[in-house]
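1. below are the sequence and a predicted model for it; my questions follow.
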Amino acid sequence: MAKLKPVPVAPAEAPVVKKKSKMLLFVGIALLTLGAAGGAAWSWLHQQPADSKVAEKKPPVFVTLEPFTVNLLQEGGEHYLQVGIVYQVDGDKSVDAMKTYMPIIRNRILLLLSGKLPSELNQVDGKQKLVTELLVVARESLPENSAPDRGIAGAFLSAFVIQ
């Protein structure tokens with residue numbers, strides 16, 4: 001009788017099939033992971049905080065003072081300053097407080113302005129310093145309440161003329 005010889009199987013073919021299926025599985029998992037991460041990142045970047053829906057940003061509230069005209073300290077002759085001042089406040093409560101204490105606020109502003117030299121106010125940094133001082137003067141004119149800034153957020157110059 002003739003002996004049957006087993007047909008040799010190429011050992012390289014069987015592992016290649018397993019490597020391809022493992023590689024496809026790995027690529028599939030990697031794509032799913034990247035897709036999930038991308039979706040989570042997009043969702044996180046486009047979500048609105050819960051507070052933004054409740055607390056909408058309010059428009060600013062301004063209090064415009066009547067213009068001031070004062071004599072400046074003498075420096076090479078007489079000079080006067082005409083200035084318009086606008087304060088930004090937190091809301092109606094601060095507006096009412098400023099109206100109540102307006103005589104005190106105006107008095108302190110007049111004293112501050114009349115103690116300035118024209119040369120101090122001609123430069124931009126002098127005007128910026130004046131704005132800071134106007135803010136402090138207005139805040140100090142109001143009685144203390146819960147807010148450290150007493151409801152006055154900023155001061156602005158609306159007109160400024162030295163002659």
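-> Received the coordinates, thanks. These numbers were taken from a predicted model, which means no experiment stands behind them.

2. for the rest of this, base every contact and every neighbour count on C-alpha atoms.
-> Noted.

3. quick one, phi psi at the residue most central in space within the chain?
-> When the chain is reduced to its mean C-alpha position, the closest residue under C-alpha atoms, centre = their mean turns out to be Lys57, at 12.0 Å. Lys57 adopts backbone torsions of phi -70, psi 130, taken as degrees, to the nearest 10.

4. so after the lowest-mean-pLDDT helix or strand in the chain, what's the next helix or strand?
-> When the helices and strands of the chain are scored by mean pLDDT, DSSP states H and E, helix 50-54 comes last with a mean of 55. Helices and strands here follow DSSP states H and E; after helix 50-54, the next one along the chain is strand 61-64.

5. can you point out the buried residues in that next one?
-> 62-63 (16 or more other C-alpha atoms under 10 Å).

6. and the contacts of that strand?
-> With contact meaning C-alpha atoms under 8 Å, 6 or more residues apart in numbering, strand 61-64 is reached by 84-92, 95.

7. among the residues you listed, which lie within helices?
-> Counting by DSSP state H, the part of the contacts of strand 61-64 found in helices is 92, 95.

8. so can I have a markdown table of the contacts of strand 61-64 showing distance to Leu65, pLDDT and neighbour count?
-> Shown next, in a markdown table, are these (distance: C-alpha to C-alpha, whole Å; pLDDT from 0 to 100; neighbours: other C-alpha atoms under 10 Å):
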| residue | distance to Leu65 | pLDDT | neighbour count |
| --- | --- | --- | --- |
| Gly84 | 7 | 96 | 16 |
| Ile85 | 6 | 96 | 19 |
| Val86 | 6 | 97 | 18 |
| Tyr87 | 8 | 96 | 20 |
| Gln88 | 11 | 95 | 19 |
| Val89 | 13 | 92 | 21 |
| Asp90 | 16 | 88 | 19 |
| Gly91 | 16 | 88 | 15 |
| Asp92 | 16 | 88 | 12 |
| Val95 | 11 | 92 | 18 |
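
9. what number of residues lie near Leu121?
-> Neighbours of Leu121 under the rule other C-alpha atoms under 10 Å: 20.

10. what helix or strand is it on?
-> helix 118-122.

11. just the CA trace of that helix, in PDB.
-> The C-alpha trace of helix 118-122 is given here as PDB (Å, rounded to 0.1, in the frame of the first residue of the first chain):
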ATOM      1  CA  PRO A 118      -2.800 122.700  34.100                       C
ATOM      2  CA  SER A 119       0.500 120.900  33.400                       C
ATOM      3  CA  GLU A 120      -0.800 117.900  35.400                       C
ATOM      4  CA  LEU A 121      -3.900 117.600  33.200                       C
ATOM      5  CA  ASN A 122      -2.300 118.200  29.800                       C
END
